[in-house]
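Participant: Structure for the following, please:
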Amino acid sequence: MATNIFSQEFKQLAEQLFNNESECLRKTLRYGTSGFRSNATKLNAASFACSCVSVLRSTLDSGKATGLVITASHNPEEDNGLKIVDTDGGMLVIEWEPFSEQLLHSNNTDHLLNQIQTKLNNPLTGINATVLIGRDTRSSSSALAEIAIKAACGLGACVIDLGVVTTPIVHSAVRNYNDHAERPNLPIDFIRTEKIGHFTNNSFAQYYIDNLVKTFSLLALNLQQTTPLIIDGSNGVGSSFALQLGQKLKQLNLHDFTIINDGSHGKLNYMVGADFVKAKQSAPNGVDFEKDRLKKFCSLDGDADRLIYFFLDEQGHFHMLDGDKIATLYAIFIIEQLNKAGLQNTFKVGVVQTAYANGASTRFLTQTLGIEAACEPTGVKYLHTRASNYDVGIYFEANGHGTILFSENFKCQLNKINLENLNNEEIKSAIIKLQCLPNLINQSIGDPFPNLLLIEAILRYKQWSLNDWNVIYSELPNRQRVQRIADKSLIKTYDAERRISSPIELQEAIDNEVSKFNLARSFVRPSGTEDVVRVYSEADTQQSADQLALNIAKLVFKLAQGAGEEPKS
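Facilitator: Predicted structure coming up:
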């Protein structure tokens, strides 16, 4: 197929990138839940390819804007990644993931250009695309953004450079851009009438913060302030936005934030951030185990799309409130407000979890609150889809990534209620709180800033400390392990990754081993990125959970072609 319809500058950039990065290297990269992710030095061609996919996806969806986020989230600072935001503000639809890989894995420049033209299926003069690009604070992000901007402009798109922003802000920007007719208060300079060109925009990020402050002021109206919140910024992009949000809230006497690990010193994600706190089950750098007892902390991750709360008790013992506890707190609050408003039978409420959710949280949701707790495979795209089946769909991974989805039915029914006709102040207050939720929460993706504001409002409403929240249920002791195997494709799972269909003898052996322990369960699932199996076990004591995890790892080694030495401890 002829490729002379591409500009010379575009072809030169493609040749430069695809010739400088070997085909073998490019073909090792796979587009997963986190997009392409690797050492930053290996991602120049991936940035070009993702930019092209963003342009094509926008064009083929009637010119609706797409987004491109340059970040590696909680990975080490030397890594980076590229993730495409779809036109609804969510993750790239699964059907486009293989094409993203095909484009990056092109044999040569001509093959790349032919694939672009074939996908477009019309002359390049028909390009009609807008791409919003944002990046994190990594030193490699600016150069990758420059490649993406040149590629998109070279294809004839309109590029809006959001600059250094959190991942959720890019998702929110895409959603708002495409729904701008319904959002008259958006900044005037955010929506572009130009069909091509490169434009820098900082106004949406300010709009995002102002909207959070406005909605929180309504949600927290007449509620007494609780203790100040100390935010661990993971030395990442979330730190500056936490600072801006905190300053505005303090000016209005709405809340008091302090930021630690703000990037002024210290390394991105190194012994700090939500992933560190969750994995190590320990406080991050910057927390004094003597002086900071009974203070209220939360941690963001590197690109600010996860949130974990924690505290040190009077004895200095660490306590963590992860995604399971956040989802449960939300469910408690929403059920209470629906009951007070007399709407408990009007809307369907559900919580969506993964197999990693602690069994105690599932029992609390179903047996104490009486709401549905669904389970989906690991990955936000699966949780998000299932949550959309409810009027109020709460989903969280245990790592602190999650949000709430509200149906159009929920929003329409609440907005029909005339508050002036209500004489009961308790009912009126409950309805106002419920009306605030869709305006506060980022329904495109997990976003720690609206999430922490909702948590703070609920704690005020309940007059709870973090310990009060923590003891709503006691988590079952658990242990996670990794077992290396020769080929992860040998392991096939079903039932939301909780059981194995192949090798069948492994599942039978797991069932037999689990039956030897009290309140126990265990599952194994292949890693998405390497030839290892992840083992998760729960039991009534930590010693039992540890022993069960070890026993299961030994079974994996024996029955699924384990690699290296057999696990012994």
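
Participant: Contact partners for Ala220?
Facilitator: Ala220 sits next to Leu254, His255, Glu456, Ala457, Arg460 when contact means CB atoms under 8 Å, 6 or more residues apart in numbering. The way it works is simple: take the backbone N, C-alpha and C, and place the C-beta from them, glycine included.

Participant: Is the residue lying closest to Arg534 once chain neighbours are set aside in a helix, a strand, or coil?
Facilitator: Distance criterion CB to CB, 6 or more residues apart in numbering; nearest residue to Arg534, sequence neighbours excluded, is Arg525 at 5.5 Å. Secondary structure, DSSP: H, G, I helix; E, B strand; the rest coil: Arg525 is strand.

Participant: how deep is Arg525 tucked in, by neighbour count?
Facilitator: Applying other CB atoms under 10 Å, we find 22 residues neighbouring Arg525.

Participant: related to what we said a few turns ago, got CSV for the contacts of Ala220, with secondary structure, distance to Ser474 and neighbour count too?
Facilitator: Below are those laid out as CSV (DSSP: H, G, I helix; E, B strand; the rest coil; distance: CB to CB, whole Å; neighbours: other CB atoms under 10 Å):
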residue, secondary structure, distance to Ser474, neighbour count
Leu254, coil, 33, 18
His255, coil, 30, 23
Glu456, helix, 24, 23
Ala457, helix, 25, 24
Arg460, helix, 25, 17
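
Participant: So which of those is the closest to Leu506?
Facilitator: When these are ranked by distance to Leu506 (CB to CB), Glu456 comes first, at 45.1 Å.

Participant: that older thread, so which of the contacts of Ala220 comes closest to Arg534?
Facilitator: Glu456 (33.2 Å).

Participant: How about the contacts made by the closest one?
Facilitator: Phe216, Ala220, Thr226, Leu229, His255.

Participant: Tell me, what's the model's pLDDT at it?
Facilitator: pLDDT for Glu456: 97.

Participant: again with the one 10 residues further on
Facilitator: Leu466 carries a pLDDT value of 97.

Participant: Which positions in the lowest-mean-pLDDT helix or strand in the chain come out as buried?
Facilitator: One helix or strand of the chain scores below all others by mean pLDDT, DSSP states H and E: helix 23-26, with a mean of 82. Applying a neighbour-count criterion of 16 or more other CB atoms under 10 Å, one finds Arg26 buried in helix 23-26.

Participant: isn't Ala374 right next to Val351, touching?
Facilitator: Yes. Counting by CB atoms under 8 Å, Ala374 does reach Val351; the two are 7.3 Å apart.

Participant: Tell me which of these two has more neighbours.
Facilitator: Val351 (30 against 17).

Participant: That one in helix, strand or coil?
Facilitator: Under three-state DSSP, Val351 comes out as strand.

Participant: got a markdown table for the contacts of Glu456, with pLDDT, distance to Asn389 and secondary structure too?
Facilitator: Shown next, in a markdown table, are the contacts of Glu456 (pLDDT from 0 to 100; distance: CB to CB, whole Å; DSSP: H, G, I helix; E, B strand; the rest coil):
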| residue | pLDDT | distance to Asn389 | secondary structure |
| --- | --- | --- | --- |
| Phe216 | 96 | 28 | helix |
| Ala220 | 90 | 30 | coil |
| Thr226 | 81 | 34 | coil |
| Leu229 | 96 | 33 | strand |
| His255 | 91 | 34 | coil |
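
Participant: In the stretch 1-150 of the chain, where is pLDDT below threshold?
Facilitator: 1-5, 122-125 (pLDDT under 70).

Participant: Kindly report the same for the stretch 251-400 of the chain.
Facilitator: Using pLDDT under 70, nothing in the stretch 251-400 of the chain is flagged.

Participant: Could I get the full set of helices for it?
Facilitator: 273-280, 323-340, 359-363, 380-387 (DSSP state H, counting those that start in this stretch).
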